[in-house]
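K.L.:
structure of the sequence below:
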Amino acid sequence: MDVSDVAVQADGLVSQYIARVEQDLTHNAEEQERIGQEMEGLQQRLDALQRERGVLLGVRQALGGQGADQAAPSTPAAASEETAPRGQTDAPGEPGTPEAHQARKASELTLVDLVCGHLAGQSEPRSAAEVSADIARAHPGRRIKATVVRATLEALVAQGRARRTKRGRSVFYSSSAPARATRSSD
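P.N.:
Numbering: from 1, shown residues only. I've put the predicted structure just below:
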């Protein structure tokens, strides 16, 4: 075998590798597209479930059902009722006692109150990330998670206390305070 035969074989192997890489790239792109579509469908389903949970929580509260203190939070939406980091209290009594917990809750605004107040003070719709960041800046002593704020916003939308608008793939929230004020005057 001479040098030219080796060069021809090497060119053949390179061509095979190039063809295989092209196949792998095509397969990779198709798989990314498929998974992206699945994720989009799952995100839509999750959003719908969060909205439904917000409605159900509102119905339970309106019917005088089990309170937030009695129900164990199973999702970020349920956890949004939490008002301060665990273990921190300015309330009288031993930390962690029911009396201290009740006194702390009475003296602090809930996340729902903070989110509603923040949206009411805005002149244009805000994203969940913006709302979360603004509240975290305004209340540095509280643990504010974007996922909990997003779930709270969705619950407020389900209750009619906030409005959701979409611009492309982005979601923005604004206060529906004027509509709420009309209802309360009836």
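K.L.:
now G160: phi and psi?
P.N.:
Reported as degrees, to the nearest 10, the phi and psi values for G160 are phi 80, psi 10.
K.L.:
roughly how far apart are it and L111?
P.N.:
According to C-beta to C-beta, to the nearest Å, G160 and L111 sit 18 Å apart. (C-beta placed from N, C-alpha, C; glycine too.)
K.L.:
the two: which is more packed in?
P.N.:
Higher neighbour count among G160 and L111: L111, with 22 against 13, using other C-beta atoms under 10 Å.
K.L.:
quick check: the more buried one vs L46, distance?
P.N.:
20 Å.
K.L.:
swap in V6?
P.N.:
On the measure of C-beta to C-beta, V6 and L46 end up 58 Å apart.
K.L.:
select the longest helix from this structure.
P.N.:
helix 3-62 (DSSP state H).
K.L.:
what packs against that one?
P.N.:
Helix 3-62 makes packing contacts with helix 76-79, helix 146-158 when contacts are defined by 3 or more C-beta pairs under 8 Å, 6 or more residues apart in numbering; DSSP states H and E.
K.L.:
what average pLDDT does that helix get?
P.N.:
For helix 3-62, mean pLDDT rounds to 89.
K.L.:
just stretch 167-181 next, same as before
P.N.:
Mean pLDDT, taken over the full extent of stretch 167-181, equals 78.
K.L.:
next, the buried residues of it.
P.N.:
V171, F172, Y173, S174, S175, S176, R180 (16 or more other C-beta atoms under 10 Å).
K.L.:
over to stretch 125-144?
P.N.:
Here stretch 125-144 shows P125, R126, S127, A128, E130, V131, S132, D134, I135, R142, I144 as buried, counting by 16+ other C-beta under 10 Å.
K.L.:
and it, how far out from the chain middle?
P.N.:
Distance of stretch 125-144 from its chain centroid, counting by C-alpha atoms, centre = their mean, to the nearest Å, is 13 Å.
K.L.:
show residues contacting that stretch.
P.N.:
83-85, 88, 111, 114-115, 118-119, 145-146, 149-150, 153, 163, 165, 170-174 (C-beta atoms under 8 Å, 6 or more residues apart in numbering).
K.L.:
what's the end-to-end length of it?
P.N.:
From its first residue to its last, stretch 125-144 covers 20 Å (C-alpha to C-alpha, to the nearest Å).
K.L.:
helix, strand, or coil at Q122?
P.N.:
Secondary structure, DSSP: H, G, I helix; E, B strand; the rest coil: Q122 is coil.
K.L.:
ok, it touching S175?
P.N.:
Yes - using C-beta atoms under 8 Å, Q122 makes contact with S175 at a distance of 7.2 Å.
K.L.:
what helix or strand is R137 on?
P.N.:
helix 128-138 (DSSP states H and E).
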